[in-house]
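Asker: Predicted model and sequence below, questions to follow.
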Amino acid sequence: VQLQASGGGLVQPGGSLRLSCAASGSIVSFNVMAWYRQAPGNQPELVAHITSGGNTDYADSVKGRFTISRDNAKNTVYLQMNGLKPEDTAVYYCNGSQKVGDYTFAYWGHGTLVTVSS
């Protein structure tokens with residue numbers, strides 16, 4: 001399965017963007033789908049994740065502003081980002097995890113750049 005992230009771009013502070021992560025195959029078998037981000041000079045950060053059961057969790061820095069969702073019929077995961085701040089500037093990556101027996105397989109998409117600037 002390949003993951004393709006899209007939807008990044010340049011937005012002013014306070015603006016919104018919606019990122020999409022389209023999978024080449026079914027995401028039903030993914031136990032967890034997540035969005036990570038990495039700003040220049042920083043370590044990667046887990047932004048949000050959603051389980052196969054629809055449970056979600058967020059980094060404290062984005063709670064109340066970002067919403068993760070998944071559409072299994074479209075094999076796509078979304079990240080709705082509202083109230084964007086300059087510190088949200090980063091390359092955003094989508095990730096999918098499949099647990100098979102004792103093993104966990106991780107899939108990564110290419111990143112999409114989000115720049116928040118006036």
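Answerer: Yep, that arrived. Predicted model only: the values in this text are computed from it and were never measured.
Asker: So what are the sheet partners of whichever strand in the chain runs longest and their directions?
Answerer: In terms of residue count, the longest strand belonging to the chain (DSSP state E) is strand 90-100. Neighbouring strands of strand 90-100 in its sheet, by DSSP bridges, are strand 32-38 (antiparallel), strand 103-108 (antiparallel), strand 112-116 (antiparallel).
Asker: Go ahead and measure how far the last one is from the middle of the chain.
Answerer: Using CA atoms, centre = their mean, to the nearest Å, we find the averaged C-alpha position of strand 112-116 to lie 12 Å away from the chain's own average C-alpha position.
Asker: and if you look at the second one?
Answerer: Relative to its parent chain, strand 103-108 has a centroid offset of 15 Å by CA atoms, centre = their mean.
Asker: average model confidence for it?
Answerer: Strand 103-108 comes out with an average pLDDT of 91.
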